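**Student:** sequence first, predicted coordinates after that:
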Amino acid sequence: MAYNTSALVLNDVSMKEASYVTGLVDGEGSFLISFQQRTKMKTGIEVRPSFTLSQHQRNLELLQWLQAFFGCGSLRYNRSDETYKYEVRSIDDLTRVVIPHFEAYPLKSSKHKDFFVFKKVCEAIQRRAHLTRDGLERIITQAYGMNNFGARRYDKQSLLQILTR
């Protein structure tokens, strides 16, 4: 059963579940903005926001529960590290479901700052700002201000150079 967290009308049980989700994401989740070079796009760059949470395969039921809680997203298996990943990439699902949840049940860790940037980028994409050079430059600058420890395919300067071509 999916909960409509944007309505902010939840019973005691689902409020506990919603708070649990936020705590789980505070410890294990990620808000990411990735970029892919796409020569067919006017700007040459595709922006890909995603909300993810990975768990060892023994915790697959937890990710299935999370997927049911949000009522969106997908699960995929990574053989190399034997983990499953819950991921939401649809801009509509991110702005209609995921972001309202974390506005109603805020993160407590430093991840809150990343969430705020993530939200701004998703809102910019909804306004189609990512389709203009200026808008995409602002998005790139914001995204590279996030605390992403993972390896990035492109560094900030490389992306900005693609925009000037």
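**Tutor:** Right, received. Where do you want to start?
**Student:** could you use CA atoms for every contact and neighbour count after this?
**Tutor:** Noted.
**Student:** list the contacts for residue 72?
**Tutor:** 88, 93 (Cα atoms under 8 Å, 6 or more residues apart in numbering).
**Student:** er, residue 107 actually
**Tutor:** 22, 23, 25, 26.
**Student:** what's the distance between it and residue 31?
**Tutor:** 12 Å (Cα to Cα, to the nearest Å).
**Student:** now do residue 14
**Tutor:** Relative to residue 31, and taking Cα to Cα, residue 14 is found at 23 Å.
**Student:** so between the two, which is more surrounded?
**Tutor:** More crowded of residue 14 and residue 31, by other Cα atoms under 10 Å: residue 31, with 24 against 14.
**Student:** tell me the secondary structure for that one?
**Tutor:** Secondary structure state of residue 31, per DSSP: H, G, I helix; E, B strand; the rest coil, is strand.
**Student:** any idea how many residues pack against residue 159?
**Tutor:** 19.
**Student:** same question, residue 139
**Tutor:** When neighbours are counted by other Cα under 10 Å, residue 139 comes out with 23.
**Student:** quick thing: my sequence starts at 104, can you match it?
**Tutor:** Renumbered: residue one is now 104, and that last one reads residue 242.
**Student:** what helices and strands are in contact with the host helix or strand of it?
**Tutor:** Residue 242 is part of helix 236-246 when elements are defined by DSSP states H and E. With contacts taken as 3 or more Cα pairs under 8 Å, 6 or more residues apart in numbering; DSSP states H and E, helix 236-246 sits against helix 214-229, helix 259-266.
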